[in-house]
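1. Output the structure for:
(chains A, B and C)
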Amino acid sequence: MPELPEVEVTRLSLADRIADARIVSARLGKPLRWPLGVEPSALEGRVVQGVRRRGKYLLLDLDQGLLLVHLGMSGSLNFAPTQAPVGPHDHFELVTSRGTLRLRDPRRFGAVVWVAGEDTVQAVRLLGRLGMEPLGEAFDLAAFQRGLRRRSGAIKSVLLAGDLVVGVGNIYASEVLFLAGIRPTTRASRLSAARAERLHAAIREVLARAVSQGGSTLRDFSSAHGEAGHFQLEAKVYGREGLPCRVCGTPIRSLRQGQRSTYYCPRCQRP
DNA sequence: CCATATACCTGGCAGC
DNA sequence: TGCTGCCAGGTATATG
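-> Predicted coordinates:
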């Protein structure tokens, strides 16, 4: 579920409220993708200083070390002064002086990992190969164009890989390529400089718009406040196979790329 | 270096 | 109704 917009919406809804909170206790449920890396009791007394985001990871800065949180495919965070009873899919919990933070993740592809610092082996293993951040100054057009030229694979797959630019997942990859007018099967290396520039702009535009809409709620995503997102209502192609293109009316098509569904308009998106 | 397949796990849904 | 098979927002890792 969570692509960059959902992770950023989570961060925005959490950061101010959890800042300066002191951890009272930590609890684990079933195993997540990776082990926490410390005894939960070792987190007691730590203070949450802030929440950053890198790609689809949330970084909870503590006064000693930090927690790397990934929502995987089905994860969501909730932060509230008082919580409902623990459910069968609540697999991590931090009780703090300002409220209780819970990770609900039915599929358990998500993770919470404590690391002593961002330069540790474990942190570098997880964060070290991430591509450019698409929002803000770091998303350099020339570097993006150079990166695309080096890739022979389909542009959809290159976007998903996350080592050139982070944050574009399966929903937004289709949406971004629609906005840029690019066929998902086009080889990245064969995109003209002009089309690469349109793609660069489309990535920023779609992701920023999705953040402003509170992300996409397909099944059960919600912010740490519990609010659903609305971007799925304005999706142009994702999940719309057979329905008329919102721009030209041509039926939307779907195909499989690297075991993932891709949606596109055969008329608006030229190879 | 790059591209692709695989694995992880649960729940929802279409089809029979 | 109950079963089976497929599909789902991600990505580290192995393999070619």
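2. Within range of DNA strand C, give me the residues from the stretch 51-200 of chain A.
-> A:55-57, A:70, A:72-74, A:107, A:109, A:125-126, A:129, A:160, A:162, A:169-171 (C-beta under 7 Å from any atom of the strand). (C-beta placed from N, C-alpha, C; glycine too.)
3. Repeat the analysis, applying 10 Å as the threshold.
-> Selection of the stretch 51-200 of chain A residues close to DNA strand C by C-beta under 10 Å from any atom of the strand yields A:54-57, A:68, A:70-76, A:106-111, A:122, A:125-130, A:157, A:160-163, A:166-174.
4. Narrow those residues to those in strands?
-> A:54, A:57, A:68, A:70, A:76, A:111 (DSSP state E).
5. so does stretch A:225-236 get close to DNA strand C?
-> Yes - Stretch A:225-236 reaches DNA strand C (C-beta under 10 Å from any atom of the strand) through A:228-229, A:231-232.
6. Pull out the buried residues from that stretch.
-> A:229, A:231-232, A:235-236 (16 or more other C-beta atoms under 10 Å).
7. so which of the ones in strands among the residues of the stretch 51-200 of chain A next to DNA strand C comes closest to DNA strand B?
-> A:A111 (10.5 Å; C-beta to the nearest atom of the strand).
8. immediately after the helix ranked longest in chain A, which helix or strand?
-> What stands out as the longest helix in chain A, according to DSSP state H, is helix A:193-212. Downstream of helix A:193-212, the first helix or strand assigned by DSSP states H and E is strand A:253-257.
9. what is the mean pLDDT for that next one?
-> For strand A:253-257, mean pLDDT rounds to 96.
10. Would you mind pulling up the elements that it packs against?
-> On a contact count with 3 or more C-beta pairs under 8 Å, 6 or more residues apart in numbering; DSSP states H and E, strand A:253-257 meets strand A:260-264.
11. gap between the two ends of stretch A:60-76?
-> 15 Å (C-alpha to C-alpha, to the nearest Å).
12. Any residue of it touching DNA strand B?
-> Yes - using C-beta under 10 Å from any atom of the strand, stretch A:60-76 reaches DNA strand B at A:72-74.
13. buried ones in that stretch?
-> A:60-62, A:65-72, A:74-76.
14. Kindly report the same for stretch A:91-110.
-> A:91-96, A:99-106, A:108, A:110.
15. Tell me which of the residues of the stretch 51-200 of chain A next to DNA strand C fall in helices.
-> Using DSSP H, these in helices are A:122, A:125-127, A:157, A:160-161, A:170-174.
16. Out of those, which comes closest to A:S261?
-> A:S261 has its nearest neighbour among these in A:N170, at 7.0 Å by C-beta to C-beta.
17. Relative to A:F178, how far out is the residue nearest to that closest one when sequence neighbours are not counted?
-> Once flanking residues are discounted, A:N170 sits nearest to A:R260: 5.3 Å by C-beta to C-beta, 6 or more residues apart in numbering. With distances taken as C-beta to C-beta, to the nearest Å, A:R260 is found 16 Å from A:F178.
18. One more: A:L164?
-> A:L164 is 19 Å from A:F178, by C-beta to C-beta.
19. ok, the two, which is more surrounded?
-> A:F178 (25 against 19; other C-beta atoms under 10 Å).
20. so what's the closest residue to DNA strand C within chain A scoring on pLDDT?
-> As assessed by C-beta to the nearest atom of the strand, DNA strand C sits closest to A:G169 within chain A, at 1.9 Å. Looking at A:G169, its pLDDT reads 97.
21. what's it sitting at in phi/psi?
-> The phi/psi pair for A:G169 (degrees, to the nearest 10) reads phi -100, psi -160.
22. Contacts only, for A:A15.
-> A:50-51 (C-beta atoms under 8 Å, 6 or more residues apart in numbering).
23. Buried ones in the helix or strand harbouring it, by neighbour count?
-> Assignment of secondary structure by DSSP H and E places A:A15 within helix A:4-18. Judged by neighbour count (16+ other C-beta under 10 Å), helix A:4-18 contains these buried residues: A:4-15, A:17-18.
24. Specify the angle between it and helix A:193-212 in degrees.
-> 40 degrees (axes from the mean of the first three to the mean of the last three C-alpha atoms, to 10 degrees).
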